[in-house]
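S.K.: Below are the sequence and a predicted model; questions follow.
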Amino acid sequence: MSIDDYLDLLNYAKAINDEQWQADLLEQLKNYEALVEEKKQVDSVRALWTRFDDINGLLMQLFDKLREHEDTPDSALWKERIWELKMERIHVAKQLQARYIKIR
């Protein structure tokens with residue numbers, strides 16, 4: 001929910017004189033910034049895992065191409081792309097590791 005939603009609910013809770021609900025909403029508003037930051041971190045980790053999975057998928061496709069057509073002129077380009085993707089995967093894995101294990 002957005003902060004506007006919380007404020008609308010707070011106004012409604014005041015209108016119906018529900019003090020407990022008002023107190024709960026005020027507590028949630030106090031913690032809103034922390035919740036937003038936590039959601040950003042969760043979304044960031046999801047994006048990293050998605051990129052990690054995408055890289056693995058691309059690597060599998062390139063390895064299949066190499067296995068089927070190793071002697072084609074494009075094989076050198078595929079090998080170079082595999083190397084780039086492996087390096088990117090290492091970079092993404094380090095970012096994930098830093099978020100989960102808190103080491104760099």
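M.R.: Yes, it's here. Numbers count the residues shown, from 1 in each chain.
S.K.: so what's Ala93 closest to, chain neighbours aside?
M.R.: What sits nearest to Ala93 in space, not counting adjacent residues and going by CB to CB, 6 or more residues apart in numbering, is Phe52, at 6.8 Å. All C-beta spots, glycine's among them, are computed from the backbone N, C-alpha and C.
S.K.: residues touching that neighbour, list them.
M.R.: 89, 92-93, 96 (CB atoms under 8 Å, 6 or more residues apart in numbering).
S.K.: pLDDT-wise, what's the bottom of those?
M.R.: Within the contacts of Phe52, pLDDT reaches its minimum at Leu96, with 92.
S.K.: dump the residue contacts of the closest residue to that residue other than its chain neighbours.
M.R.: Taking CB to CB, 6+ apart, and ignoring the residues beside it in sequence, Leu96 has Leu48 as its nearest neighbour in space, at 5.3 Å. For Leu48, the residues meeting the contact criterion (CB under 8 Å, 6+ apart) are 92, 95-96, 99.
S.K.: In JSON lines: the residues you listed, plus neighbour count.
M.R.: Putting the contacts of Leu48 into JSON lines (neighbours: other CB atoms under 10 Å) gives the following:
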{"residue": "Val92", "neighbour count": "19"}
{"residue": "Gln95", "neighbour count": "17"}
{"residue": "Leu96", "neighbour count": "16"}
{"residue": "Arg99", "neighbour count": "13"}
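S.K.: Among those, which lie within helices?
M.R.: Judged by DSSP state H, helices contain the following of these: 92, 95-96, 99.
S.K.: Now distance to Thr72 too, for the residues you listed, in JSON lines please.
M.R.: Rendered in JSON lines, the data for the ones in helices among the contacts of Leu48 read as follows (distance: CB to CB, whole Å):
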{"residue": "Val92", "distance to Thr72": "29"}
{"residue": "Gln95", "distance to Thr72": "34"}
{"residue": "Leu96", "distance to Thr72": "35"}
{"residue": "Arg99", "distance to Thr72": "40"}
